[in-house]
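Chemist: coordinates only, sequence not included:
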Ligand SMILES: O=P(O)(O)OC[C@H]1O[C@H](OP(=O)(O)OP(=O)(O)O)[C@H](O)[C@@H]1O
Ligand SMILES: Nc1ncnc2[nH]cnc12
């Protein structure tokens, strides 16, 4: 494993049975509290954005905001928040989905994404892929193109990649770590 991967992995805390029995929660707060690790993560995700030819970064509430916003600044791109339903004041597009521990609906301001945009989606964890799949659908419905999906960590045993790859239609799915 490379130095950066070891650094990132060492700053992710496993919390058993959170938020419900049977879930091994990947807590990124130790990583966020370490400026060297947070900077290395931001730089690695910004490089993915540049390689993908992205013109905008979409971050998925809430942890995708913490990672996506500095990536957008680092890459010199605009940041578009995809929020849980009911939080955005303007005209929205919405998409319902299921995740490892429940179900939810996400929304984006319809005017924030237009035809010609190439969007990199940024999040912390890819688990079942439900959140990411819903965001791909939202971005496409807005008329934009998905340039790729970049996550800190993929939980391979939950099959998110298999679920997402058809939806991504060849756009890259980059996970810095896979467990
Ligand atoms: O691949 P999936 O099964 O969809 O799960 C992954 C999603 O779950 C977590 O978000 P959560 O909805 O718990 O929200 P949070 O970021 O507000 O904690 C995580 O940050 C991803 O967005
Ligand atoms: N096991 C997990 N840890 C952290 N975030 C998650 N989102 C979905 N599953 C998760």
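Modeler: Yep, it's here. Keep in mind the model is a prediction, meaning the values are calculated, not measured. Numbering: from 1, shown residues only. Ligands and ions are numbered 1, 2, ... in the order given.
Chemist: got the residues of the protein near ligand 2?
Modeler: 23, 24, 25, 26, 99, 100, 125, 127, 155 (CB under 6 Å from any ligand atom). Where you see a C-beta, it was placed from the backbone N, CA and C, and this is true even at glycine.
Chemist: quick one, grab the pLDDT at the residue located most distally from the centre of the chain.
Modeler: Taking CA atoms, centre = their mean, the residue of the chain most remote from its mean C-alpha position is residue 21, at 24.3 Å. On pLDDT, residue 21 comes in at 97.
Chemist: quick one: secondary structure of it?
Modeler: coil (DSSP: H, G, I helix; E, B strand; the rest coil).
Chemist: could I get the full set of strands for this protein?
Modeler: 13-16, 24-27, 56-60, 78-84, 92-99, 102-109, 118-126, 145-154, 173-178 (DSSP state E).
Chemist: mind checking which of those strands is nearest residue 7?
Modeler: Among the strands of the chain, strand 173-178 comes nearest to residue 7, with 10.6 Å by CB to CB.
Chemist: average pLDDT across the closest one?
Modeler: Over the span of strand 173-178, the pLDDT mean works out to 98.
Chemist: any regions of this structure where pLDDT drops low?
Modeler: The model of the chain has pLDDT under 70 over residues 100.
Chemist: mean neighbour count and distance to ligand 1 added to the strands of the chain, as TSV?
Modeler: Shown next, in TSV, are the strands of the chain (neighbours: other CB atoms under 10 Å; distance: least, CB to the nearest ligand atom, whole Å):
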stretch	mean neighbour count	distance to ligand 1
strand 13-16	10	13
strand 24-27	16	9
strand 56-60	27	5
strand 78-84	19	7
strand 92-99	16	4
strand 102-109	16	6
strand 118-126	26	4
strand 145-154	24	8
strand 173-178	17	11
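Chemist: thank you kindly, that will do.
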